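Undergrad: I would like the atomic coordinates for the input below:
(one chain, ligands or ions: 1)
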Amino acid sequence: ACSDGGAESADAGSEDSITLGFAQVGSESEWRTANTDNIKAAAEAAGVTLQFSDAQQKQENQIKAIRSFIASDVDVISFCPIVETGWDTVLQEAKDAGIPVVLVDRGVTADPSLYVTHIFADALKEGANAFNWVDEYMTAEGKTPRAGGDQFQVAILEGTVGSSVAADRLQGFNDAMAESPNSGKYNVICSQTGEYTRAKGMEVMESFLKSDGDKIDILFSCNGDMALGAIQAIEAAGLKPGEDIVIVSIDAAKGEFNAMIEGKMNCAVEHTPNFGETLMETAKKIVAGEEVPATIELEEGIFPADIAEQELPNRTY
Ligand code: AHR
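TA: This next block holds a predicted model:
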């Protein structure tokens, strides 16, 4: 990966190979690394020449990378937008240059006429799945609030501020809570970004525990790495993650599976990073002048701790 939005090139070598410029967010999480590996492997397998750029969490680097893809006249540009806003100008530049754009994973507020399609998973549904699973689990397990009273206290580790997935997962979770017949049983006591990283997840969880450590019953972590960081903070505070605090996260990467097998986490809602093959097929179709749908939605599952051991061998990330 290059810094400052620079691009590295991997020529697949075939004469009719298309060139795809891909601007990645960074390498903040286990999920993101798996996604990068999947895209690189899929490009190679499909004979697509990949220009790959790592934006290191900076929108300006992603914009720079997209401009460099335009300048080198790639066949297709694809990127996962770090944040939702601020893309109109560069997307218009790509359109004016006649280069089709495929969004992946996160969304943008820009007009859909500025890109061809969006390969995505429904982050609102992921948040709702996380709440609905916890809601059923608390009832099924006969859980009672640790601090007494009649409400479970919920802590939330949110994702990257301004990103579509962070906003949607949070909204999905909170909406499902409001719509649940049990909505009165829950109170969100703290909710803050952990920037999708393990280090920040641990730091923010430490501060949650300082103020509300004797009360928190449930942790909703908007990605896997923050949940793993939080588990360290919970253990350091002398509490049992997965028992004293029920933990549900989104990603379902191997780190979460291992934590579930150790009894330290309760459920992982899937967000697949394995859309490289779909991206390569879509890019080829676009270059061949074939129609592609305006959105391409990815399938995802829910993995509670009791099936983690059995499922781990099937996990690819
Ligand atoms: O955009 C997807 C999110 O970004 C993943 O859930 C998270 O792990 C990553 O950093």
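Undergrad: What is the neighbour count of the closest residue to the ligand within the stretch 201-317 of the chain?
TA: Distances between the stretch 201-317 of the chain and the ligand by Cβ to the nearest ligand atom are smallest at Asn223, namely 3.5 Å. The way it works is simple: take the backbone N, C-alpha and C, and place the C-beta from them, glycine included. By the criterion of other Cβ atoms under 10 Å, Asn223 has 31 neighbours.
Undergrad: quick one: it and Ser249 touch, right?
TA: Yes: the pair Asn223 and Ser249 passes the contact test of Cβ atoms under 8 Å, sitting 6.5 Å apart.
Undergrad: Return the residues of the stretch 101-250 of the chain in contact with the ligand.
TA: Taking Cβ under 6 Å from any ligand atom as the criterion, the stretch 101-250 of the chain approaches the ligand at residues 105-106, 165, 196, 223-224, 250.
Undergrad: Just the ones of those residues in helices?
TA: Those of those mapping onto helices are 165, 224, per DSSP state H.
Undergrad: just the buried members of the residues of the stretch 101-250 of the chain next to the ligand?
TA: Among those, those buried by neighbour count (16 or more other Cβ atoms under 10 Å) are 105-106, 165, 196, 223-224, 250.
Undergrad: can you pull the contacts of the residue of the stretch 201-317 of the chain closest to the ligand?
TA: Residues near Asn223 by Cβ atoms under 8 Å, 6 or more residues apart in numbering: 29, 31, 159, 196, 249-251, 271.
Undergrad: next one: Gln151
TA: Contact partners of Gln151, counting by Cβ under 8 Å, 6+ apart, are 145, 184-187.
Undergrad: what's the first-to-last distance across stretch 99-117?
TA: Stretch 99-117 has an end-to-end distance of 13 Å (Cα to Cα, to the nearest Å).
Undergrad: average pLDDT for that stretch?
TA: What stretch 99-117 shows for mean pLDDT is 98.
Undergrad: For the contacts of Gln151, give me CSV that also has neighbour count, secondary structure and pLDDT.
TA: Below are the contacts of Gln151 laid out as CSV (neighbours: other Cβ atoms under 10 Å; DSSP: H, G, I helix; E, B strand; the rest coil; pLDDT from 0 to 100):
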residue, neighbour count, secondary structure, pLDDT
Pro145, 17, coil, 98
Gly184, 9, helix, 98
Lys185, 16, helix, 98
Tyr186, 22, strand, 98
Asn187, 15, strand, 98
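Undergrad: Can you name the two of the residues you listed that sit furthest apart?
TA: Largest separation among those by Cβ to Cβ: Pro145 and Gly184, giving 12.3 Å.
Undergrad: picking up where we left off before, reformat the buried ones among the residues of the stretch 101-250 of the chain next to the ligand as TSV; add distance to Val292.
TA: Below are those laid out as TSV (distance: Cβ to Cβ, whole Å):
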residue	distance to Val292
Asp105	17
Arg106	19
Val165	22
Tyr196	29
Asn223	28
Gly224	30
Ile250	27
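Undergrad: which pair in these spans the largest distance?
TA: Greatest spatial distance in those: Arg106 and Gly224, 16.5 Å, computed using Cβ to Cβ.
Undergrad: show me where the stretch 151-300 of the chain has helices.
TA: Along the stretch 151-300 of the chain, the stretches classed as helices by DSSP state H, counting those that start in this stretch are 164-179, 198-212, 224-236, 254-261, 276-287.
Undergrad: Quick one: closest of the ones you listed to Ser191.
TA: Short answer: helix 164-179, nearest of the helices of the stretch 151-300 of the chain by Cβ to Cβ, at 7.5 Å.
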